[in-house]
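1. got a sequence here, can you model it:
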Amino acid sequence: MSFIQGYDPETLRELVDLDECAARLEEIENQRSLPALLERVWLLKVLGRLDEALALADETVRQARMAGTRKDVLRARVLHATVLQFRGAHAAAEQELTTCASEAEGQRWISIAAFAHQHHGKNAYEAGDFETARESFKQSLFLRREAGAQDRELETALLAIDAVERRRTTQLVAG
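-> Now for the predicted structure:
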């Protein structure tokens, strides 16, 4: 079940039903599996409970390193970086996402690489680096196409590219 109802066209952040997210968080709050921890971090993040999200994201990365696969560690690190992004720590998020995208591409884990590039683009977008955001979103789109992603996933990348183009045009006109 996806809690994401769409994406804000200005911020590119997920649009969610906060009540549904809070109910789901309560439902899984005592679960300790890695998938449950990842979900809890994401739910805390979208609910704006960023201090809790960061603490749990740190714990999730540690658990993935101890008991998960390398793919699990990358997924946990990308999620951790998105919490940093939401907290406004764009430089730290950028570094983590760049490393994750590079490692995933090096291993040919295409879907994880696309995921990391998409979030790298969102982080750059929020930080006002529209050129980097555009390149990251394009790389995500390329990788998603290569992986045979569904139209909905491709559309997310295309909408992000479109948002960057609008922002760049606005900057050029204003500048």
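
2. could you use CA atoms for every contact and neighbour count after this?
-> OK.

3. can you show me the CA trace of the lowest-mean-pLDDT helix or strand in the chain as CSV?
-> The helix or strand of the chain with the lowest confidence, counting by mean pLDDT, DSSP states H and E, is helix 151-174 at a mean of 89. Output in CSV follows, covering the C-alpha atoms of helix 151-174 (Å, rounded to 0.1, in the frame of the first residue of the first chain):
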residue,chain,number,x,y,z
ASP,A,151,5.0,4.5,-16.3
ARG,A,152,4.1,5.9,-12.9
GLU,A,153,7.8,5.8,-11.8
LEU,A,154,8.9,7.3,-15.1
GLU,A,155,6.3,10.1,-14.7
THR,A,156,7.7,11.0,-11.3
ALA,A,157,11.1,11.6,-12.8
LEU,A,158,9.6,13.5,-15.8
LEU,A,159,7.5,15.7,-13.5
ALA,A,160,10.7,16.5,-11.4
ILE,A,161,12.6,17.5,-14.6
ASP,A,162,9.6,19.7,-15.6
ALA,A,163,9.6,21.4,-12.2
VAL,A,164,13.4,22.1,-12.5
GLU,A,165,12.9,23.6,-16.0
ARG,A,166,10.2,25.9,-14.7
ARG,A,167,12.4,27.0,-11.8
ARG,A,168,15.4,27.6,-14.1
THR,A,169,13.2,29.6,-16.5
THR,A,170,11.9,31.7,-13.6
GLN,A,171,15.5,32.3,-12.4
LEU,A,172,16.6,33.3,-15.9
VAL,A,173,13.7,35.7,-16.4
ALA,A,174,14.1,37.2,-12.9
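
4. how far does it sit from the chain's center?
-> Centre-to-centre, helix 151-174 and its host chain are 17 Å apart (Cα atoms, centre = their mean, to the nearest Å).

5. buried set for it?
-> Going by neighbour count (16 or more other Cα atoms under 10 Å), the buried part of helix 151-174 is 154, 156-158, 160-161, 163-165, 167-168.
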